[in-house]
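Colleague: For reference, the sequence and a predicted model appear below.
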Amino acid sequence: MLIKAIKHYKFWALGSLAMVILVVGTTLWQPQILTKVLEAVSNNDKEKITDYGVQLIIIAGIGLLAGVVNTIFAAKIAQGVSADLREQTFRKIQSFSYANIEKFNAGNLVVRMTNDVNQVMNLIMILFQILLRVPLLFVGSFILAIQTLPKLWWIIVLLVVVIVLITGVSMGSMGKHFSAFQTLMDKLNGIAKENLRGTRVVKSFVQEKEQAAKFDANSDELLGHNLIVSYIFSAMIPAFTFAAYLAIFGAIWFVSTYVHKEPKDLAGIASFMTYMMQIMFAIIMGGMMSMMASRAFISLKRIGEVINTEPAMTFKDVPDQDLTGNLEFNHVTFTYPTDDEPTLKDVSFSIKAGELVGVVGATGAGKSTLAQLIPRLFDPTEGTIKIGGQDLRDLSRNTVRETVSIVLQRAILFSGTISQNLKHGKADATVDDMKRASAISQAREFIEKMADVFESPVEERGTNFSGGQKQRMSIARGVIGEPKILILDDSTSALDAKSEKLVQEALAGELPNTTKIIIAQKISSVVHADKILVLDAGQLIGVGTHKDLVANNATYREIYETQKGSDD
Ligand SMILES: Nc1ncnc2c1ncn2[C@@H]1O[C@H](COP(=O)(O)OP(=O)(O)OP(=O)(O)O)[C@@H](O)[C@H]1O
């Protein structure tokens, strides 16, 4: 997946590789010239000192410049690939069915799109800055160091063994702490998000201390892992330095024992030491890179899981159709993907276009679940649902979206303007459409009092509106496209009885041919319905008018009597 993603940036990648070669070349060349400068110094050859000195500066400059250009190229690739991955993941999530999103969990998907993509970005940055550089620098420095002072080959080998050992042991012990990071970050993210979303509940139930304690416990655990990693790091650096100094001291010592025979070796000692440092740098960088890479590969796998998930439900690529509002459930059984037991059991009923239908039942009876199957948010586990006489599974996405509209109890608005939110229900809605829809939902009055009317801003999740205002706007969004089937899932719960009645009257007058399915807690909301469906523990236990049901259905009568009592 990574290679495929990087392919789009192949010219930048080639440029970056060329720059890396230049950086390594100049890095390896510098000590050679340094040796020559030192030789010239010992021979007191002023002309050569200047010549080599200038060469040294030019080569160092080229190396530095190539390093800067490489960083720019690597950043370009890393930023580009991560933006592509983020967008690809988001597009994929948009194609997901509700069931897919439930399975992943929304918070988890957000972490994958942000944190995990960032990990991959860091990996790409490192790949292009260090990946090729490490082996080239290691091999080059190794060969050149031995060439400079062949007698001291064993010091180099010893240093490599010691550094590899220190790196291996410390990286190994840091590894498990790094993998704990991701899990704890997920947890902390979750706690912070839940807390901020439910801030009103937290404050009204004076839960700040408990929430802070929960956060602290996880944060302290993270701190514990961070501290261990920093302790290991702080021990690692002196260990490396100690090994390097020992090697340098050893080299100087051994050179000094025979320098009277081969004075040239004294000049070589400086470049030998530089090469040793570069070897050390290459091993340390290699270790770090492999550790970061292993973290990033976990992230890449998590992103891949999203991208490679097939939507649990797809719509047929068939021409759009204009259907009637007839609705039919034939032996529908439905089990949530995360459940073992069915929530709806063998439900069958039929509704004629234009009818007003109420759905009642105790809490948890399955009313919202039944409602969600009509706009095909889920497919039934068994049985069929037909609208306009056609199986929902045979219709195009547009046909379903244009025929069925659902207004949920929790009115969710998106940041932008009121008109942008209403246009989710009808992309080409005119101001007149908005006026009509908002009049039906009893929202027109308060919207028209606002300075910018339909262009007034809506904050994220509609926080600048009251619960009732949000509900009215989401009803307006539901009716603006004049759907053939309109489902109000407990969506007038935040309206007073008078407004609720006005909405129902307006719906009857303005959308006479629309089938209206009203899920209600209060029987008073649906007494005038042409038909009422009574659900009990996922089963349809009664269908009829209010009068029929009061006469013949014990459960309905019981709910009615209880509510009547509380109304009195
Ligand atoms: N997304 C889901 N995943 C798993 N189970 C779910 C999901 N949504 C609802 N359920 C379960 O299905 C059952 C029916 O829930 P549903 O929301 O359909 O009931 P309801 O009749 O609309 O209740 P209420 O009147 O309280 O809104 C409940 O037991 C609930 O726990």
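Modeller: Yep, that arrived.
Colleague: which residues does N189 contact?
Modeller: Contact partners of N189, counting by C-beta atoms under 8 Å, 6 or more residues apart in numbering, are G107, V110, V111, N115. Bear in mind the C-beta positions are built from the backbone N, C-alpha and C, glycine included.
Colleague: do that again at 10 Å, thanks
Modeller: Residues counted as contacts of N189 (C-beta atoms under 10 Å, 6 or more residues apart in numbering) are G107, N108, V110, V111, T114, N115.
Colleague: Quick check: the third one touching K193?
Modeller: Yes. At 8.2 Å, V110 counts as touching K193 under the criterion of C-beta atoms under 10 Å.
Colleague: can you give me the strands for the chain?
Modeller: Secondary structure of the chain by DSSP state E: the strands cover 327-334, 344-351, 356-361, 382-387, 390-391, 404-407, 416-417, 457-458, 485-489, 515-519, 531-536, 539-544.
Colleague: Out of those strands, which is the most enclosed?
Modeller: strand 515-519 (a mean of 26; mean count of other C-beta atoms under 10 Å).
Colleague: near the ligand at all, that one?
Modeller: No. Counting by C-beta under 6 Å from any ligand atom, the ligand has no neighbours in strand 515-519; the shortest distance is 6.7 Å.
Colleague: Which strands and helices lie in contact with that strand?
Modeller: strand 344-351, strand 356-361, helix 367-373, strand 404-407, strand 485-489, helix 497-510, strand 531-536 (3 or more C-beta pairs under 10 Å, 6 or more residues apart in numbering; DSSP states H and E).
Colleague: Just give me the lowest mean pLDDT stretch among those.
Modeller: Note on the helices and strands packed on strand 515-519: helix 497-510 shows the lowest mean pLDDT, a mean of 87.
Colleague: Name the nearest residue to I62, sequence neighbours excluded.
Modeller: Among residues not flanking I62 along the chain, T26 sits closest, at 5.4 Å (C-beta to C-beta, 6 or more residues apart in numbering).
Colleague: wait, I meant K423
Modeller: Nearest residue to K423, sequence neighbours excluded (C-beta to C-beta, 6+ apart): A429, at 5.2 Å.
Colleague: Which phi and psi values does that neighbour adopt?
Modeller: phi -60, psi 140 (degrees, to the nearest 10).
Colleague: My guess is it contacts I418. True?
Modeller: No. Counting by C-beta under 10 Å, A429 sits too far from I418 to count as a contact (11.2 Å).
Colleague: pLDDT weak spots in the stretch 151-300 of the chain?
Modeller: For the stretch 151-300 of the chain, the stretches flagged by pLDDT under 70 are 259-266.
Colleague: from it, which residue is nearest to the ligand?
Modeller: E194 (17.2 Å; C-beta to the nearest ligand atom).
Colleague: could you measure that residue against F215, distance?
Modeller: Computed as C-beta to C-beta, to the nearest Å, the E194 to F215 distance reads 10 Å.
Colleague: same deal with F138?
Modeller: Taken as C-beta to C-beta, the span from F138 to F215 is 44 Å.
Colleague: Settle it for me: which of the two has more neighbours?
Modeller: F138 (20 against 15; other C-beta atoms under 10 Å).
Colleague: Am I right that that one is in contact with L144?
Modeller: No. With contact defined as C-beta under 10 Å, F138 does not count as touching L144 (11.2 Å).
Colleague: Could you tell me which residues of this protein lie near the ligand?
Modeller: Checking the chain against the ligand by C-beta under 6 Å from any ligand atom, the hits are 102, 336, 338-339, 343, 361, 363-369.
Colleague: Return the members of those residues classed as buried.
Modeller: T343, G361, A365, G366, K367, S368, T369 (16 or more other C-beta atoms under 10 Å).
Colleague: where does S566 land on pLDDT?
Modeller: On the pLDDT scale, S566 is placed at 54.
Colleague: before we move on, the earlier item: mind putting the helices and strands packed on strand 515-519 in CSV, distance to G175 included?
Modeller: Shown next, in CSV, are the helices and strands packed on strand 515-519 (distance: least, C-beta to C-beta, whole Å):
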stretch, distance to G175
strand 344-351, 48
strand 356-361, 53
helix 367-373, 44
strand 404-407, 48
strand 485-489, 49
helix 497-510, 60
strand 531-536, 53
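Colleague: And the ones you listed: which comes nearest K48?
Modeller: Set against K48 and scored by C-beta to C-beta, the helices and strands packed on strand 515-519 come closest in helix 367-373, at 84.4 Å.
Colleague: how distant is the closest one from the center of its chain?
Modeller: Offset of helix 367-373 from its chain centre (C-alpha atoms, centre = their mean, to the nearest Å): 28 Å.
Colleague: now do stretch 421-435
Modeller: 30 Å.
Colleague: I'd like to check which residues are in contact with the residue in the stretch 201-350 of the chain that the ligand sits nearest to.
Modeller: When scored by C-beta to the nearest ligand atom, the stretch 201-350 of the chain has Y336 as its residue closest to the ligand, at 3.5 Å. For Y336, the contacting residues are A99, E102, P342, T343, L344, T369, F378, T381, by C-beta under 10 Å, 6+ apart.
Colleague: Q442: neighbour count?
Modeller: By other C-beta under 10 Å, neighbour count at Q442 equals 24.
Colleague: Not including adjacent chain positions, what is the nearest residue to it?
Modeller: S499 is the one closest to Q442 (C-beta to C-beta, 6+ apart), at 5.0 Å.
Colleague: who's in contact with the one you found?
Modeller: Here S499 is in contact with S441, Q442, A443, G468, Q471, R472, T492 (C-beta under 10 Å, 6+ apart).
Colleague: And for Q207?
Modeller: N195, G198, V201, K214.
Colleague: Restricted to helices, list the residues you listed.
Modeller: N195, V201, K214 (DSSP state H).
Colleague: Now do the contacts for L184.
Modeller: Neighbours of L184 in contact, by C-beta under 10 Å, 6+ apart: N218, S219, E221, L222, L223, G224, H225, N226.
Colleague: Equivalent analysis for N122, please.
Modeller: Shown in contact with N122 (C-beta under 10 Å, 6+ apart): A78, S82, M292, A293, R295, A296, S299.
Colleague: Any idea how many residues pack against the fifth one?
Modeller: What that stands for is R295. R295 has 19 nearby residues by other C-beta under 10 Å.
Colleague: do the fourth one as well
Modeller: By the other C-beta under 10 Å criterion, the neighbourhood of A293 contains 17 residues.
Colleague: now do the first one
Modeller: Residues within reach of A78, counting by other C-beta under 10 Å, total 24.
Colleague: quick one: it from S290, how far?
Modeller: 18 Å.
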